[in-house]
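K.L.:
sharing a model that was predicted from the sequence below.
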Amino acid sequence: MAEELSLVIKNPNEGEFLKHIEWNKEQFMERVASVTEQYEGLTYTDEQIKDAKSDRAGLNAMKKEISDRRIQVKKAVMEPYTQFEKEVAEVVALIEKPIAMIDAQIKEYDERVKGEKKQALKEYFEEIAADLEGVLTFDRVFDQRYLNATVSLNKAKTDIKDKVERVNTDLNTLNSLEAEYRMFARDVYVKTLDMSKAMAEISRLQELKKQEEERIRKEEEAKAAKAAAEERAAESVPEPVEVVQKSEKTAQNTAGITQKEEVAPHENEKVESGEKTVLTGGMSIDTPDTTAGAKKVAEEDTKQYKASFTVYGTKAEIMDLKQFMIEHKIKFGKVEK
């Protein structure tokens, strides 16, 4: 280090620097006061505006004269200091050059030490967190303050170890949850490393499931209610009625049914007495004994028959059938029990 050096002022001598500038302040104060007193409380009329402008110009001139003199004095006083300041700056520049060189080396050293420290921490992390690959990275546990000289390497390692252990504990907790939600909660945790957010995701999914189950339950209840209503409607169908048909042909047209395996008998073909004809819709007709063929049936078109059958349908359909029979003058009544 260079030997101690002190800056010495030779002229003026120490203690002889200008401390006070003496000037005719009192004389100026009296002169200015005598002038300004003339304007105290003065009010100019509209006709005196020209005089007001002239007075203002005179006062401004007095003010400028004093200010100009002040600037001259300041320049004279500051001139030696300005020269002195310039000369000192030249000397300081000589010192700044080696300072910059030394500073660059110190910064390079600090960066190298920090890099080595960070690499040591990274290797330590990879050693204790090998089973967390794909979940936890070094960058997510690293804190820039670990590189400060005030934070020791061991302290930084301890902090990293605590973080790794916490993540392992959290993952074990998540793995013990229901398989239905485990994967979703784990995904949230891996992204945030926040256990509270992972548990919040489980709560959200549980609520969605509850809402879906409620929707399905209501839907099933609605279906069951509809089925029950239809069943009650079927049970409320009126009791079977006895229908007296004008003819077999008319009965078939009226009910909109056809005989099952009904074939017009051939001429001279004998039909068994008491034969039961089965109709679509779950109805059956007990036909009277016939001994003639199709021709005889046609000849007896005006002959009336009695048929008992059961009709299944909605209430509206039953009422439509009733109306149809009334319109076609088909007699009907209750079946005798």
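P.N.:
That came through fine.

K.L.:
measure stretch 7-16 end to end?
P.N.:
16 Å (C-alpha to C-alpha, to the nearest Å).

K.L.:
what's the helix or strand harbouring Phe324 packed up against?
P.N.:
Taking DSSP states H and E as the criterion, Phe324 maps to helix 315-327. Contact analysis of helix 315-327 by 3 or more C-beta pairs under 8 Å, 6 or more residues apart in numbering; DSSP states H and E lists helix 248-255 as its packing neighbours. Just so you know, the C-beta spots here come from the backbone N, C-alpha and C atoms, and that holds for glycine as well.

K.L.:
any idea of the mean pLDDT for the helix it packs on?
P.N.:
When pLDDT is averaged over helix 248-255, the result is 46.

K.L.:
cool, stretch 19-35 as well?
P.N.:
Average pLDDT, stretch 19-35: 88.

K.L.:
quick one: low-confidence ranges for the stretch 101-250 of the chain?
P.N.:
Applying pLDDT under 70 to the stretch 101-250 of the chain picks out residues 236-250.

K.L.:
strands of that one, residue ranges please.
P.N.:
241-245 (DSSP state E, counting those that start in this stretch).

K.L.:
about what we covered before: chain center to the helix holding Phe324, what's the gap?
P.N.:
60 Å (C-alpha atoms, centre = their mean, to the nearest Å).

K.L.:
what is the rounded mean pLDDT of it?
P.N.:
pLDDT averaged over helix 315-327 gives 87.

K.L.:
buried ones in it?
P.N.:
Ile318, Leu321, Met325 (16 or more other C-beta atoms under 10 Å).

K.L.:
residues in contact with Val77?
P.N.:
Leu18, Ile21 (C-beta atoms under 8 Å, 6 or more residues apart in numbering).

K.L.:
and it, what element?
P.N.:
Going by DSSP H and E, Val77 is part of helix 49-128.

K.L.:
and what of Ala307?
P.N.:
Here Ala307 is assigned to strand 305-308, by DSSP H and E.

K.L.:
what packs against that strand?
P.N.:
Strand 305-308 packs on strand 241-245, helix 248-255, strand 283-286, going by 3+ C-beta pairs under 8 Å, 6+ apart.
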